[in-house]
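Chemist: Sequence first, then the predicted structure, then my questions.
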Amino acid sequence: MTADTPLTILVADDAEPDRRILEAIVVRDGHRVVSARDGREAVAVFERERPDLVLLDALMPNLDGFAAAQQIKALAGEALVPIIFLTSLTDTESLVQCLEAGGDDFLSKPYNHIIIQAKIRAFNRMRAMHATILDQRDQISRHHEHLLQEQTVAKQVFDNIAHSGCLDANNVKYYLSSLAVFNGDILVAAMRPSGSMMVLLGDFTGHGLPAAVGAIPLASTFYGMVGKGFAMTDILREINEKLKSILPVGIFCCATMAEVNFRQQRVRVWNGGLPPGYFRRAGGATEPITSTHLPLGVLDSAAFKGDLQTYPLAWGDRLYLWSDGIHEARNAQGEMFGEDRLQAVFDESSDNDETLFDRLLQRVCDFVGSRDHHDDLSLVEVRMDRPENINAVAAEAERRNRSTLSEWTMNFDILASSFRQFDPMPLLLNILVEVPGLRQHSGTLYTILSELYSNALEHGILGLDSSLKETVEGFGQYYEQRRVRLAAVNDGLIQIHLWHCTTEDGGILRISVEDSGEGFRGGASQTETVPSRYSGRGLALVEKLCDSVQYLGEGSRIEATFSWRTDD
């Protein structure tokens, strides 16, 4: 529809001469005319013909123009059907009555041809704009419905990922209030195989679906790695790297992650951008947890900091975390709830107050009142309790930790045909970093493996003398001999054996590297280094990095034992 589209116009007037004149003017401008001789007939014609514009005499028999206008407007519904009253009345009250009855304008008799044409064109433009507005409204409505469907599907996917969590544990209370079906706040919790509980509260930038695009990869990474026993630092690094790679610039996740170790009665916390949480001691003291890191998804892997804060907790102590929606909740006057009001709730509570979580939430809701929230509201409480008092999930994890150990071995043989082109370090390291707890030690493991393999290849297989590296010139000779001998080698074997066993607090990795050569003479004496010497430093470094190193078969077999703690 455009402003120049021909219209169907209803002309309703009981005076036939006036009606004929109007009909002639309207037809001359290219419009179609339908006529009525009184108000009742005008309503009937409108219902049958659905004209685009109505020229309606105010004073007609059977049903006057005022009553007819009201019925016509009711029949029109949302459609804009302008009604122009035709009247010889000139007093103000009568003209006001025309507008109050539903009229949009009026024409005074006798009619002016130019004014009639101008008014019809003006109302035609209004009809075109109104139709555009209705069409845009319908498009927005359809898009909104489509968006709600997408959010519902996303929420279902997220719920399917998060269904295995332990948010229903007896020592956890939480509240999530969102501005949308699927929002920017995320709360996930799961038990590690060791019996510790991992909890992460996150707040993505913004609201609604755009703010929640990172929630699904965050949750899947969290639950996948916690269930396999990965260290907290490893989990944080993996989530940060994933969010950094998939989220657009400006979208990140402020988060606090806590690991509650019930056996050792301690909590380790990483806070990146969320408001300070609180520890509520059983004796009534309150201790804040400040943010010391940037949010997840901001820094690249090299710059990300995963250092943790450790706090001892007694039985009955509680951890409180919340999103900034709590601090920034506003009342009708636009005031924020703020840190002081939050602190006042803690100050007013008594020792071992079991209602503190409910009173915190109620105080915020009372402050906001019935008005809409400006942000997502999230609040969580985690109580330090004995594993058997929490729920079956925690108790089962504790039982598994005490009764079973995970043990495996792997043998890897490298033949002579592979010495020249194949480097086994990336493959072996890729396997080891998938072991829960070892990823954060990847640099150390690479150093140990590479030094042991280089020693087996260069001294055991190639028979190089490390004393050549005592001088600068000897370095050059050493690596030239290495190149020549490596190109000529046709036989030999290097065997790498890995043995892994988990312990209650971490694990043990034993690395054995054996070559088919004669070994180096003097065995362990080769590891005795002198500061001014350039040879023998590799195995000395391995000894410092490992718990123990044994040299067997004149040095043709070396066994190194490396142990770690998952909470290091």
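Modeler: Structure's in. What do you need?
Chemist: Buried residues, stretch 303-312. List them.
Modeler: Using 16 or more other C-beta atoms under 10 Å as the burial criterion, the residues of stretch 303-312 that qualify are F304, G306, L308. In this view, the C-beta of every residue, glycine as well, is placed from N, C-alpha and C.
Chemist: out of those residues, which one sits closest to N170?
Modeler: L308 (25.6 Å; C-beta to C-beta).
Chemist: So what does that closest one have for phi and psi?
Modeler: As for L308, its main-chain torsions (degrees, to the nearest 10) stand at phi -120, psi 160.
Chemist: my guess is it meets M232, correct?
Modeler: Yes - taking contacts as C-beta atoms under 8 Å, L308 lies within contact range of M232: 6.5 Å.
Chemist: Identify the contacts common to the two.
Modeler: By C-beta atoms under 8 Å, 6 or more residues apart in numbering, L308 and M232 have these common neighbours: R268, W270.
Chemist: remind me which residues of the stretch 251-400 of the chain are low pLDDT?
Modeler: Within the stretch 251-400 of the chain, the set of residues satisfying pLDDT under 70 comprises 370-375, 391-400.
Chemist: Strands along that one, start to end?
Modeler: 253-261, 266-272, 277-280, 286-289, 309-312, 318-322, 377-383 (DSSP state E, counting those that start in this stretch).
Chemist: circling back: make JSON lines from the buried residues of stretch 303-312 and add distance to D324 to it.
Modeler: Formatted as JSON lines, the buried residues of stretch 303-312 follow (distance: C-beta to C-beta, whole Å):
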{"residue": "F304", "distance to D324": "22"}
{"residue": "G306", "distance to D324": "23"}
{"residue": "L308", "distance to D324": "22"}
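Chemist: helix/strand/coil for E241?
Modeler: For E241, the secondary structure call by DSSP: H, G, I helix; E, B strand; the rest coil comes out as helix.
Chemist: my read: it touches L299, true?
Modeler: No - in this structure E241 lies outside contact range of L299 using C-beta under 8 Å: 9.6 Å.
Chemist: ok, now how distant is E381 from D317?
Modeler: Distance check for E381 against D317: by C-beta to C-beta, to the nearest Å, it reads 11 Å.
Chemist: quick revisit: how about the strands of the stretch 251-400 of the chain in a markdown table, adding distance to I133?
Modeler: Below are those laid out as a markdown table (distance: least, C-beta to C-beta, whole Å):
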| stretch | distance to I133 |
| --- | --- |
| strand 253-261 | 39 |
| strand 266-272 | 45 |
| strand 277-280 | 48 |
| strand 286-289 | 52 |
| strand 309-312 | 56 |
| strand 318-322 | 42 |
| strand 377-383 | 35 |
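Chemist: So which of the ones you listed is nearest F346?
Modeler: Nearest of the strands of the stretch 251-400 of the chain to F346, taken as C-beta to C-beta: strand 286-289 at 4.9 Å.
Chemist: Find the nearest non-adjacent residue to Q477, please.
Modeler: Distances taken as C-beta to C-beta, 6 or more residues apart in numbering put L468 closest to Q477, at 5.4 Å, once the chain neighbours are dropped.
Chemist: and the one you found, what are its phi and psi?
Modeler: With angles defined as degrees, to the nearest 10, L468 sits at phi -60, psi -30.
Chemist: for it, what are its contacts?
Modeler: Contact partners of L468, counting by C-beta under 8 Å, 6+ apart, are G474, F475, Q477, Y478, Q481, S535.
Chemist: Give me the below-cutoff pLDDT ranges for the stretch 51-200 of the chain.
Modeler: Within the stretch 51-200 of the chain, the segments meeting pLDDT under 70 span 90-91, 154, 157-164, 178-183.
Chemist: now the strands: where do they sit in it?
Modeler: According to DSSP E, counting those that start in this stretch, the strands that the stretch 51-200 of the chain contains are 53-57, 83-87, 105-108, 172-177, 185-191, 197-204.
Chemist: Looking at these, which is nearest to S94?
Modeler: Closest approach to S94 among the strands of the stretch 51-200 of the chain is made by strand 83-87 (6.9 Å; C-beta to C-beta).
Chemist: Kindly calculate the angle that the closest one makes with strand 53-57.
Modeler: Calculated by axes from the mean of the first three to the mean of the last three C-alpha atoms, to 10 degrees, strand 83-87 forms an angle of 20 degrees with strand 53-57.
Chemist: Does anything pack onto strand 83-87? Which helices or strands?
Modeler: In terms of contacts (3 or more C-beta pairs under 8 Å, 6 or more residues apart in numbering; DSSP states H and E), strand 83-87 is packed against strand 53-57, helix 65-76, helix 92-100, strand 105-108.
Chemist: ok, now with 10 Å
Modeler: Helices and strands touching strand 83-87, by 3 or more C-beta pairs under 10 Å, 6 or more residues apart in numbering; DSSP states H and E, are strand 8-12, helix 16-28, strand 53-57, helix 65-76, helix 92-100, strand 105-108, helix 113-162.
Chemist: Please spell out which residues along the shortest one are buried.
Modeler: Read that as strand 105-108. F106, L107.
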